[in-house]
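**Q** got a predicted structure plus its sequence, pasted below:
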Amino acid sequence: MITIKNLSFGYNSKEEIIHDVSLHVQPGTIYGFLGPNGSGKTTIIRLILNLLKHKAGKIYIDGTEVNINSVEIFRRIGSMIESPSLYNHLSGRANLEIFALYYSIDKKRIDEVLEIAGLTDAAHKIMKRYSLGMKQRLGIAICLLHDPDLLILDEPLNGLDPHGIAEIRHLLIKLCKEEGKTIFVSSHLLSEIESTCDFIGIISKGKLLFQGKIDDLKNAQAGKMIYSIEPSNLDLATAQLNGLTFSTYDNKISVEVENKEEIAQLIRKIVSNGVDLYSVQRKENNLEDLFLELTK
């Protein structure tokens, strides 16, 4: 549904902030776009939506280049960048009616999107009484008014409490699996991306570091064994790690070894140098660990 080839961009000729990015989003899937703050996620979304003009590369929506026939393309896209723009003094339904006028949409579609977003019972409630999660769902409902094939959502989970996050998660899965929508969603909430998305892309400093299924990323790192060690003396313990890849956090050490024999040998070495070990645990390859490893 989305294909990007060798995309580069900079706000001026001296500094390029997107570097030769290529990615592909398959129809009928949820694609999670991950990256630290300032990595280029929102810039790429703006480039896809033609809000910024790219200097090099190609962007295609369902095989059609964005620059050639943008009007027809964007009739098939619903997008929300950051927080939705809503009229807080009006009801949820009144907000939808205003946007339905913009789109020249029949009002019966309003009832349909309210039901999809789980807001039928709150349709006549004033916006200022909506929770943040309800506002985000209303923003997505607005995106759905013209029944687009593709949804592009920039950080829709930002600032939500666990209940609001769960509501958006269920809505996105429903839209993909039951409504047949393709969804491109950026987020920094790794656990939600892991439980929601079919494919992920990881970007850092304007470069795409990984693209594929989460299991593919885990399998690619399967040969690495990472242990968390809690020593009585952090400095003395790290002094014994010459030649090993490690990092420290919360007075603990995360160290990478080749096999169980190597971690056993390392434990003996640390203890023999007068350091007590309070805990030694193998860390599973979850998305958060893999993300931090790729983007460090």
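**A** Received the coordinates, thanks.

**Q** nearest residue to residue 152 in space, please, no chain neighbours.
**A** residue 79 (4.3 Å; CB to CB, 6 or more residues apart in numbering). For the C-beta atoms, the positions are set from N, CA and C on the backbone; glycine is no exception.

**Q** and what of residue 291?
**A** Using CB to CB, 6+ apart, the nearest residue to residue 291 is residue 190, at 5.7 Å.

**Q** the one you found: neighbouring residues, count only.
**A** 20 (other CB atoms under 10 Å).

**Q** need the pLDDT of it.
**A** Looking at residue 190, its pLDDT reads 82.

**Q** same deal with the one 4 residues further on?
**A** pLDDT, the model's per-residue confidence, is 84 for residue 194.

**Q** quick one, what contacts residue 270?
**A** Residues in contact with residue 270, defined by CB atoms under 8 Å, 6 or more residues apart in numbering, are 229, 231, 237, 240, 277.

**Q** can you select the buried ones from the residues you listed in PyMOL?
**A** Remark: buried members of the contacts of residue 270, expressed as a PyMOL selection using 16 or more other CB atoms under 10 Å:
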select buried, resi 229+231+237+240
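
**Q** for the contacts of residue 270, which one is nearest residue 70?
**A** residue 229 (54.6 Å; CB to CB).

**Q** give me the neighbour count for the closest residue to the closest one other than its chain neighbours.
**A** Among residues not flanking residue 229 along the chain, residue 253 sits closest, at 4.5 Å (CB to CB, 6+ apart). If you count neighbours by other CB under 10 Å, residue 253 ends up with 23.

**Q** change the start of the numbering to 57 and stick with it
**A** I'll keep to 57 as the first residue from here, and by that count the last item is residue 309.

**Q** three-state assignment of residue 309?
**A** What DSSP: H, G, I helix; E, B strand; the rest coil gives for residue 309 is strand.

**Q** surely it meets residue 289?
**A** No - contact criterion CB atoms under 8 Å: residue 309 and residue 289 do not qualify, at 11.1 Å.

**Q** before we move on, the earlier item: does the residue nearest to residue 208 belong to a helix or a strand, and which?
**A** Using DSSP states H and E, residue 135 sits within strand 133-137.

**Q** report the buried residues of the helix or strand following that strand.
**A** The helix or strand immediately downstream of strand 133-137 is helix 148-159, counting by DSSP H and E. Of all the residues in helix 148-159, those buried under the rule 16+ other CB under 10 Å are 148-149, 151-152, 155-156.

**Q** still on that earlier bit, just the CA trace of the strand holding residue 135, in CSV.
**A** Output in CSV follows, covering the C-alpha atoms of strand 133-137 (Å, rounded to 0.1, in the frame of the first residue of the first chain):
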residue,chain,number,x,y,z
ILE,A,133,-6.1,8.2,2.9
GLY,A,134,-7.2,9.2,6.4
SER,A,135,-4.6,10.8,8.5
MET,A,136,-4.1,12.2,12.0
ILE,A,137,-0.8,13.9,13.0
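
**Q** name the helices or strands packed onto that strand?
**A** helix 97-104, helix 188-200, strand 206-210 (3 or more CB pairs under 8 Å, 6 or more residues apart in numbering; DSSP states H and E).

**Q** out of the ones you listed, nearest to residue 350?
**A** Of all the helices and strands packed on strand 133-137, it is helix 97-104 that lies closest to residue 350, at 14.6 Å by CB to CB.

**Q** run the chain-centre distance for the helix or strand just after that closest one.
**A** Once helix 97-104 ends, the next helix or strand along the chain (criterion: DSSP H and E) is strand 112-117. Centre-to-centre, strand 112-117 and its host chain are 21 Å apart (CA atoms, centre = their mean, to the nearest Å).

**Q** strand partners of the helix or strand following strand 112-117, parallel vs antiparallel please.
**A** Proceeding N to C from strand 112-117, the next assigned helix or strand is strand 120-121, under DSSP H and E. Note on strand 120-121: by DSSP bridges, its sheet partners are strand 112-117 (antiparallel).
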